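Peer 1: fold the stuff below for me.
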Amino acid sequence: QVQVAESGGGLVQAGGSLRLSCTGSGLALKDVTMGWFRQYPGKEREGVSCISWSDTTYYSDSVKGRFTISRDISKNTLTLQMNDLKPEDTGMYYCAARSGSCYLAASWYVIWGQGTQVTVSS
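Peer 2: Numbers count the residues shown, from 1 in each chain. You can find the predicted model right below:
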């Protein structure tokens, strides 16, 4: 069964850091484009960052310079290092996979995890 699973969320104060992980099973993350998305209740799912199979990365303007996406091929794991967190970064964070290029449009992704909650207090 092909699936991905997120971990690493939690509660942190503004200015702090968190590191999210996404582990794949039945799927080699190095061979697909992986994305991180977030969603706050009542809002649309928002693209945060993606990394293509060729290691091209892309970030939304709201996180550029603060978040870093990377892959550990040996562990088949995707990570999102989040620094200088702000209250507006609060939300459920999801990792997702797709074939093709790096786009931050949720509808393009076909494999989704269950999400991990990130809460940033002011």
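
Peer 1: contacting residues around stretch 30-43?
Peer 2: Stretch 30-43 is contacted by residues 20, 22, 45-53, 69, 71, 73, 76, 78, 80, 89-104, 106, 109, 115, 118 when judged by C-beta atoms under 8 Å, 6 or more residues apart in numbering. Any C-beta I mention is one placed from the backbone N, CA and C, and that applies to glycine too.

Peer 1: and the residue positioned nearest the centre of the chain, how far is that from residue 11?
Peer 2: Centroid-nearest residue in the chain: residue 36, 2.3 Å away (criterion: C-alpha atoms, centre = their mean). Counting by C-beta to C-beta, to the nearest Å, the separation of residue 36 from residue 11 is 19 Å.

Peer 1: how about residue 55?
Peer 2: Taking C-beta to C-beta, one finds residue 55 at 32 Å from residue 11.

Peer 1: gap between stretch 10-28 and the chain center?
Peer 2: Its chain's C-alpha centre and that of stretch 10-28 lie 7 Å apart, by C-alpha atoms, centre = their mean, to the nearest Å.

Peer 1: pLDDT averaged over it - what is it?
Peer 2: In this model, stretch 10-28 carries a mean pLDDT of 96.

Peer 1: which element is the residue nearest to the centre of the chain on?
Peer 2: For residue 36, the element it lies in under DSSP states H and E is strand 33-39.

Peer 1: strands paired with the next helix or strand after that strand, and their directions?
Peer 2: Downstream of strand 33-39, the next assigned helix or strand under DSSP H and E is strand 46-51. Applying DSSP bridges to the sheet, strand 46-51 is found paired with strand 33-39 (antiparallel), strand 57-59 (antiparallel).
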